[in-house]
Every structure is written in structure tokens, then in C-alpha cells.
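Visitor: quick one: sequence and predicted model below, then my questions.
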Amino acid sequence: MSWRGTARLQAFAAIALGVATLALAVIAAVVQVPRGLVALACVAAALFAAVFGLVHRGVRRLVGLALAVALLGTSIWLQADRDGILTVLVIVGALLTFAAARAAFRVRVALPCPPRPQRPVLFYNPRSGGGKAERFALAAEAQARGIEPVELAAGEDLEELVRDAVARGADALAMAGGDGSQAIVAAIAAEHSLPYACVPAGTRNHFALDLGVDRDDVVGALDALVDGGERVVDLADVNGRVFVNNVSLGIYGDAVQRPEYRDAKLRTLLDAIPDVAAGDAPEGALRWTDPDGTQRELRATVLVSNNRYRLGTIIGSGTRPRMDEGLLGIVVIGEPRLAHRARPSPPHEWATPSFTVEASAPVAAGIDGEAAQLDPPLRFGTRPGALRVRIARAHPGASPSAIEPEGVWNGLRALAMIAAGRAPDQARVQ
């Protein structure tokens with residue numbers, strides 16, 4: 001069955017499951033009054049307690065998080081104590097609805113296939129992703145495909161290795177490692193107008209996901225340099241340093257500087273939250289200007305990304321629908337305030353081709369997950385269409401959220417269009 005036919009069935013399933021689940025939810029709400037309202041109040045109180053615990057340390061953190069768990073447990077008990085089977089059916093129905101909708105919005109793009117490179121080179125970090133390169137025998141798999149493998153040994157400079165390979169005549173570059181390493185290789189490939197392939201051998205492989213590379217097919221990603229298709233995407237930079245995903249200032253930027261971060265990521269992030277929320281983070285105050293001309297001052301976190309992330313949605317959240325819009329995504333998380341008055345404003349996001357952050361001291365940053373100290377002012381820019389990316393023909397070739405519209409109503413409308421055999425408006429994914 002073709003992709004379009006499969007998507008139609010999945011859209012039909014999502015709509016049918018959604019209607020059935022909604023009917024069950026209405027029945028459950030009627031049957032469980034007033035318990036349902038009390039359970040909802042418990043969830044709201046749990047969220048408040050969780051936030052309280054995150055921004056404090058010691059006993060107050062333990063009390064806040066323990067209270068949040070207790071309130072959530074109470075909510076679950078209230079829902080399950082009476083007509084528990086009905087509650088379980090609603091939860092299962094909702095999960096199946098979202099799974100079917102997510103599957104319906106997945107796309108597979110037929111990219112143009114340019115000539116095969118004659119001297120492709122793969123760089124791989126044997127330590128990335130818990131040793132994925134060695135586990136999947138990437139060096140041997142690359143050689144079997146006519147790709148020269150180059151190992152990044154401890155203490156070696158990746159940029160020097162890549163530039164040496166280009167000087168020796170490499171006509172295509174690939175990187176198997178984390179997103180920080182991907183940025184280095186991608187920047188040099190763009191500099192020399194060489195095709196580039198992302199091999200998902202890191203831990204999270206966010207860049208691979210948004211490019212449309214199957215993160216579960218590490219070896220198959222090598223086929224991008226054999227008979228893969230090609231698409232053109234953007235890069236971004238801060239003070240001249242290229243990044244492929246994002247730069248985080250504030251909580252995450254502070255956390256990645258700490259020596260204990262690599263061995264205890266979650267605990268280190270939790271320890272960084274009270275410092276930044278209280279305004280005690282070492283980078284000091286950060287200032288920028290909103291699109292409306294208002295000057296702001298950072299209190300928590302600013303995320304600057306290479307193209308915009310889809311946030312706040314169940315399907316496709318945390319991914320970038322497009323990688324070729326030529327824009328930076330700016331997200332302010334926390335409690336920014338006016339530079340001249342301490343009046344709080346809600347978190348907000350926007351897109352822009354350039355962005356500048358002022359500071360009175362070097363700024364701690366996480367650049368594609370790597371620790372960095374940036375001298376102010378921080379000047380962010382985008383490099384539209386800078387990178388020629390090769391993607392294996394067996395892989396999707398587009399982000400999971402490429403055709404997913406924003407908003408519940410638009411999502412329902414798009415599902416109906418797919419079920420009717422029509423492509424939604426967001427079908428242009430390249």
C-alpha cells in the first residue's frame with residue numbers, strides 16, 4: 001500500500017478513536033461528578049507544588065515534589081476508585097488516538113538523487129551514544145560502501161581532521177556522533193559546498209530527526225552517500241560559531257558548565273534551576289529587544305534555535321517542521337521583566353533572521369548540548385540554504401511535524417483532509 005493510502009487509514013482510525021474516546025469521556029464526567037472536579041483540582045495543585053519544589057533546594061524541594069506526587073496519586077485514585085474501567089478506557093482511547101494521528105501525519109519525501117560522491121569520508125566518535133559506532137560496526141559498514149572511515153580518537157581535533165580530509169580531496173562528508181560534532185562537520189561541508197550526511201550515532205540525535213533521518217537506522221544512514229536524495233537546509237551561528245539545533249542561555253546554559261553534568265544530567269539541571277530562577281546565575285543579567293521594540297531582561301532561560309521548534313503540542317512537539325525558513329526561533333522561558341520596571345510578562349516566542357543579546361560579562365551557554373562561554377554581545381544569525389544534506393532513500397526525508405498544522409482545529413481539519421485523500425496545506429516540506 002502507498003504512503004497516501006496508509007495515511008488515509010491512519011487518519012480514519014484517529015478520527016474514529018477520537019470520537020469514541022470523547023463520548024466515553026463525557027460519560028465518565030457525568031458519572032464521576034463531583035469526583036472529577038476534585039481530581040482536576042488535585043492536578044492543578046500538583047503542578048504548583050512541582051514548580052515550587054523545582055525552584056528550591058533541600059527540605060523545601062523534597063516537600064514540594066513529595067506533595068506533587070501525593071496530589072497526582074490522589075487524583076488517579078479518585079478517578080479509578082469508581083468506574084475505574086471507564087477511566088482506563090478513556091486513557092487508552094486517548095493514547096491510541098494520538099498514536100494514530102501521529103502516524104497519519106508522518107511523511108516520506110522523494111528527494112532528487114544527485115550523482116554519487118567519489119571520495120566520501122565518514123568521521124565517527126566511538127564514544128558517542130554509548131558506543132554506537134562500535135556496536136554497529138560503522139567503520140566496516142562504511143568501507144563496504146566505499147566510504148573512508150576516520151575515527152575521532154581522544155584528544156584529537158575534529159575540525160583539523162575534517163579540513164585535512166577536504167584538503168586530500170574528499171567530495172562528501174558524514175558525521176557519526178553527537179549534535180555538537182555534527183555542527184563542526186556541517187559547517188565545513190557548507191563552507192566548501194560539499195554534500196553532508198548525518199549519521200545518528202549520538203545520544204538524542206535531534207538534528208537527524210528534524211532532517212528526516214531514521215534515528216533507529218544507524219547503518220542505513222550511510223546509504224545517504226551511496227544513492228541518497230538531497231535537500232538544502234539552513235545553518236545558524238552565534239558570534240561566528242555554527243550550530244545546527246539551538247543555543248540555550250540560562251538554566252541549561254549554566255548546567256552544562258558544571259563538571260558533574262555529563263554523569264548526572266537531570267540532577268545537575270535541577271540544581272541549576274534555583275540559581276537561575278533567583279537571579280544568582282554566574283552570567284548575570286541578559287538584555288535583548290522584543291519584536292515590538294520593548295527591552296527585556298532575562299530571569300530564567302532563552303532558547304535560540306536554527307529554525308522554529310514546534311512547542312506546546314502533543315504531536316510533533318520539540319521538533320522543527322521546516323529546516324529551510326531562514327529564521328531563528330526565539331523562545332523565552334521563565335519570567336522576563338521590563339528593563340526599567342519590574343513588571344512580569346508571560347513566556348513568549350517569535351521568529352527573526354537575527355537576534356542580539358547584551359550582557360555585562362561572558363555568558364554561559366549550551367551550544368548543541370556543548371558547554372561554551374560567549375563574549376557579549378551575542379549576535380545570532382541564520383545562514384539560509386547553506387547546507388546540502390544527503391538522506392538515505394529508505395528514510396523519511398522530512399521532520400515528523402512537517403505536515404502537522406498548529407492548533408487543535410487545524411489538526412482536525414488536516415486529519416479530515418488526509419482521510420479524504422487530500423494532502424493538507426503543509427504538504428510542502430522542503
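Guide: Done, it's in. Residues are numbered from 1 along each chain as shown.

Visitor: in the longest helix along the chain, which residues are buried?
Guide: Taking DSSP state H as the criterion, the chain has its longest helix at helix 3-32. For helix 3-32, the neighbour count (16 or more other CB atoms under 10 Å) marks 7-8, 10-15, 17-18, 21, 24-25, 28, 32 as buried. In this view, the C-beta of every residue, glycine as well, is placed from N, C-alpha and C.

Visitor: please apply the same query to stretch 227-235.
Guide: 228, 229, 230, 231, 233, 234, 235.

Visitor: host element of the fourth one?
Guide: This means residue 231. According to DSSP states H and E, residue 231 maps onto strand 229-238.

Visitor: mind listing what the residue nearest to residue 173 when sequence neighbours are not counted touches?
Guide: Spatial nearest neighbour of residue 173, excluding adjacent residues (CB to CB, 6 or more residues apart in numbering): residue 189 at 4.7 Å. The contact partners of residue 189, taken as CB atoms under 8 Å, 6 or more residues apart in numbering, are 173, 195, 196, 387, 388.

Visitor: what is the burial count for the second one?
Guide: Put plainly, it is residue 195. Residue crowding around residue 195 was assessed by other CB atoms under 10 Å; the count is 22.

Visitor: tell me how far it lies from residue 233.
Guide: Distance of residue 195 to residue 233, given as CB to CB, to the nearest Å: 12 Å.

Visitor: which neighbours do these two share?
Guide: Joint contacts of residue 195 and residue 233 (CB under 8 Å, 6+ apart) are residue 389.

Visitor: just the buried residues of the helix or strand containing residue 92, please?
Guide: Secondary structure assignment for residue 92, by DSSP H and E: helix 84-105. By 16+ other CB under 10 Å, the buried positions in helix 84-105 come out as 86-87, 89-90, 93-94, 96-98, 100-105.

Visitor: again with stretch 104-121
Guide: Using 16+ other CB under 10 Å as the test for burial, stretch 104-121 gives 104, 105, 106, 107, 108, 109, 111, 116, 117, 120, 121.

Visitor: which one among the residues you listed gets closest to residue 401?
Guide: residue 105 (7.3 Å; CB to CB).

Visitor: pLDDT score for that closest one?
Guide: Note on residue 105: pLDDT of 70.

Visitor: can you name the next helix or strand after the helix-or-strand element of the chain with minimal mean pLDDT?
Guide: Each helix and strand of the chain was given a mean pLDDT (mean pLDDT, DSSP states H and E); the minimum falls on strand 337-338 at a mean of 46. Per DSSP H and E, the first helix or strand lying C-terminal to strand 337-338 is strand 348-352.

Visitor: which other helices and strands contact that next one?
Guide: Counting by 3 or more CB pairs under 8 Å, 6 or more residues apart in numbering; DSSP states H and E, the packing neighbours recorded for strand 348-352 are strand 328-333.

Visitor: so where's the stretch 1-150 of the chain shaky on pLDDT?
Guide: 1-5, 27-37, 39-40, 51-61, 78-84, 86-87 (pLDDT under 70).

Visitor: distance of residue 385 from residue 233?
Guide: Residue 385 is 8 Å from residue 233, by CB to CB.

Visitor: overlap in contacts of these two?
Guide: residue 324.

Visitor: just the strands in the stretch 151-300 of the chain please.
Guide: 172-176, 196-199, 229-238, 241-243, 246-249, 286-289, 295-297 (DSSP state E, counting those that start in this stretch).

Visitor: export these to CSV and tack on mean pLDDT?
Guide: Output for those, formatted as CSV (pLDDT from 0 to 100):
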stretch, mean pLDDT
strand 172-176, 98
strand 196-199, 98
strand 229-238, 97
strand 241-243, 97
strand 246-249, 90
strand 286-289, 86
strand 295-297, 79
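
Visitor: need the ones you listed in TSV (columns: distance to residue 213).
Guide: Supplementary listing: these in TSV, determined by distance: least, CB to CB, whole Å:
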stretch	distance to residue 213
strand 172-176	11
strand 196-199	6
strand 229-238	11
strand 241-243	18
strand 246-249	18
strand 286-289	33
strand 295-297	36
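
Visitor: among those, which comes closest to residue 217?
Guide: strand 196-199 (9.8 Å).

Visitor: can you give me the buried ones in the closest one?
Guide: 196, 197, 198, 199.

Visitor: in CSV: those, plus distance to residue 402.
Guide: Converted to CSV, these look like this (distance: CB to CB, whole Å):
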residue, distance to residue 402
196, 20
197, 19
198, 16
199, 21
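
Visitor: let me know the closest of those to residue 377.
Guide: residue 196 (29.9 Å).

Visitor: need the contact list for the closest one.
Guide: Residue 196 neighbours (CB under 8 Å, 6+ apart): 172, 173, 174, 175, 185, 186, 189, 190, 387, 388, 389, 390.
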